[in-house]
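> here's my sequence, what's the structure:
(chains A, B, C and D)
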There are 2 protein chains.
Amino acid sequence: MNNPLIRKLQQFTKLSSDERQVLEQVAAEGVRQLGTREDIIREGDKPQALNLILSGWACRYKHLEDGRRQIIAFFLPGDLCDNHVFVLREMDHSVGTLTPVTFAQIPRRRIDEITLEYPRVTQALWWESLVNTAIQREWTVSLGQRDALERMAHLLCELFLRLRSVGLTQENRCELPLTQSELADAMGLSTVHVNRTLQELRAANLIVLKGRTLTIPDLDALQSAGQFNPNYLHLEHEGRHLDANE
Amino acid sequence: MNNPLIRKLQQFTKLSSDERQVLEQVAAEGVRQLGTREDIIREGDKPQALNLILSGWACRYKHLEDGRRQIIAFFLPGDLCDNHVFVLREMDHSVGTLTPVTFAQIPRRRIDEITLEYPRVTQALWWESLVNTAIQREWTVSLGQRDALERMAHLLCELFLRLRSVGLTQENRCELPLTQSELADAMGLSTVHVNRTLQELRAANLIVLKGRTLTIPDLDALQSAGQFNPNYLHLEHEGRHLDANE
DNA sequence: GTCGTTGCATAACCCATGTTAAGGCGATCT
DNA sequence: AGATCGCCTTAACATGGGTTATGCAACGAC
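Numbers count the residues shown, from 1 in each chain, chains lettered A, B, ... in the order given. Got it, this is the predicted structure:
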């Protein structure tokens, strides 16, 4: 079973094979691919479909008039970009890729069908979308109150746990295909300061970051450096976590 | 008609008298009152009901271990605190009052009934909750990219337009019952710097702030000082705005 | 190969914002 | 009337993080 959405939703509730099948099907239709740094959808567009990330990393972002950019959220495999956005007339932000990305465009009609026929799936999709808004709230806390080191540590913990919940970690390692300048845009810091901060985390042995691989030698230590409390991720089934290769 | 929720939802869609009536009814049951600086719901609680603010101001907030506090969102009359939170096991943040507040506790069962019987109301509640998450995203942009002056100007524009959409403005004036320290907790600034920033806005004739009354002599000017673009509020019916006394 | 490009690292300097501290003023209590 | 309290204001000083600039390594194009 390789569908990261199913894997993630099962953190919240058990799904029957019927339910899993409808999700598999949905993820197999309307599959698209994009390269690095392309837009999936742009500010001003009228959203007609729901996008499900199947592989690769993307982000929600917004530009200010003078060129400053804020990355508002990261999308990992299994993430849905904006459940039910079609209620709104037009996009108030853009979604772009950070790596090559495979995603499924799920038409509105399919969502409506699922809502009618599969209440438990509907509930699980609700959960996924509420968790995403909880993540957004936590970013508000980070940007408002945490200093650069805490902010960075916090983000890395979040990304690691989110990847783990879709089986994309190996022991204490995961991919981190972000440039320092993308990290900067997400954390409201300059690239120079992101660099300083990463050095500091390395010097404290809180992370090992080489190329695109992040290793977290002591997750508890990193969590406390970032004042990280995982409760906002609402991963209700704690316990054992499966690595990618299990 | 004094129900601010109905007033707000009608920005999005017309409601029939049946639909308005069910909302009136919902807002009349389970009404509670609290004074200033009391909690409506606390981090760790299991939410059993949806809270609808009828009058007064409240906020979502979170404390860090060392006492720092971030205000994550402001709630104004007509706002619902977390649509469908009951999908989640427990609250990951608290909601507290900033002024005396009247609110209605809407039990989960009532929501389910409405969802079944009134699709247009359901749609409108969807809209309200999507707008709230759009506001949260915009706060991420403010905290990440805007400097103190822009941030402040932006927030004041947002609050003014949100109040106007529920009829709580008079011409270019509205109430602003926040202390500078509450503003500071919301904007990720120190109280001293909030004070400096307000002085600067006053000196530029962008705002008049006396007591709890905010006057905005030139909304366009304030908007451009804050790089404020109202699109994220998704107020689809532009045009004429009714003041409180009309 | 070598030329551009992209990302990482580091240094010197600077400024927006934080910190600490003190005083003022209006509301409320006694 | 005096005392207390919450909130606003201002000043002096400190600092986290921004800016600008430069070098260097990896990589792809041709």
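> can you give me phi and psi for the residue positioned nearest the centre of chain A?
Against the mean C-alpha coordinate of chain A, by CA atoms, centre = their mean, the closest residue is A:F75 at 3.4 Å. Main-chain torsions, A:F75, degrees, to the nearest 10: phi -110, psi 130.
> what pLDDT does it get?
Listed pLDDT for A:F75 reads 98.
> and A:P217, how many residues sit next to it?
Per other CB atoms under 10 Å in any protein chain shown, the neighbour tally for A:P217 reads 12. All C-beta spots, glycine's among them, are computed from the backbone N, C-alpha and C.
> for the residue nearest to the centre of chain A, give its distance to A:Q11.
Distance, A:F75 to A:Q11, by CB to CB, to the nearest Å: 17 Å.
> what's the closest non-adjacent residue to the residue nearest to the centre of chain A?
Spatial nearest neighbour of A:F75, excluding adjacent residues (CB to CB, 6 or more residues apart in numbering or on different chains): A:A58 at 4.2 Å.
> verify the stated contact: the one you found with A:T102.
No - the criterion here is CB atoms under 8 Å, and A:A58 misses it with A:T102 at 10.5 Å.
> tell me which of the two has more neighbours.
Taking neighbours as other CB under 10 Å, A:A58 and A:T102 compare with A:A58 leading, 25 against 16.
> pull the contacting residues for the more buried one.
A:I40, A:F74, A:F75, A:C81, A:V95, A:G96, A:T97, A:L98, A:V101, A:F103 (CB atoms under 8 Å, 6 or more residues apart in numbering or on different chains).
> just for chain A, where's the confidence low?
Under the criterion pLDDT under 70, the flagged ranges of chain A are A:1, A:237-246.
> what about the strands in it?
Remark: strands assigned in chain A by DSSP state E are A:31-34, A:39-41, A:49-55, A:58-63, A:69-75, A:80-81, A:94-97, A:101-107, A:169-170, A:173-175, A:208-210, A:213-215.
> for stretch A:184-195, what is the distance to the chain centroid?
Stretch A:184-195 has its average C-alpha position 19 Å from the chain's average C-alpha position, going by CA atoms, centre = their mean, to the nearest Å.
> gap between the two ends of it?
Taking CA to CA, to the nearest Å, stretch A:184-195 runs 9 Å from one end to the other.
> which residues sit against it?
Applying CB under 8 Å, 6+ apart, the contact partners of stretch A:184-195 are A:59, A:61, A:69-71, A:74, A:142-143, A:148, A:151-152, A:155, A:178, A:180-181, A:183, A:197, B:143-145.
> can we see that at 7 Å?
Contacts to stretch A:184-195, defined as CB atoms under 7 Å, 6 or more residues apart in numbering or on different chains, come from residues A:69-71, A:143, A:148, A:151-152, A:155, A:180-181, A:183, B:143-145.
> could I get those residues as JSON lines with distance to B:T115?
Shown next, in JSON lines, are the contacts of stretch A:184-195 (distance: CB to CB, whole Å):
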{"residue": "A:R69", "distance to B:T115": "38"}
{"residue": "A:Q70", "distance to B:T115": "34"}
{"residue": "A:I71", "distance to B:T115": "34"}
{"residue": "A:L143", "distance to B:T115": "34"}
{"residue": "A:A148", "distance to B:T115": "44"}
{"residue": "A:R151", "distance to B:T115": "39"}
{"residue": "A:M152", "distance to B:T115": "41"}
{"residue": "A:L155", "distance to B:T115": "36"}
{"residue": "A:Q180", "distance to B:T115": "46"}
{"residue": "A:S181", "distance to B:T115": "44"}
{"residue": "A:L183", "distance to B:T115": "41"}
{"residue": "B:L143", "distance to B:T115": "34"}
{"residue": "B:G144", "distance to B:T115": "35"}
{"residue": "B:Q145", "distance to B:T115": "38"}
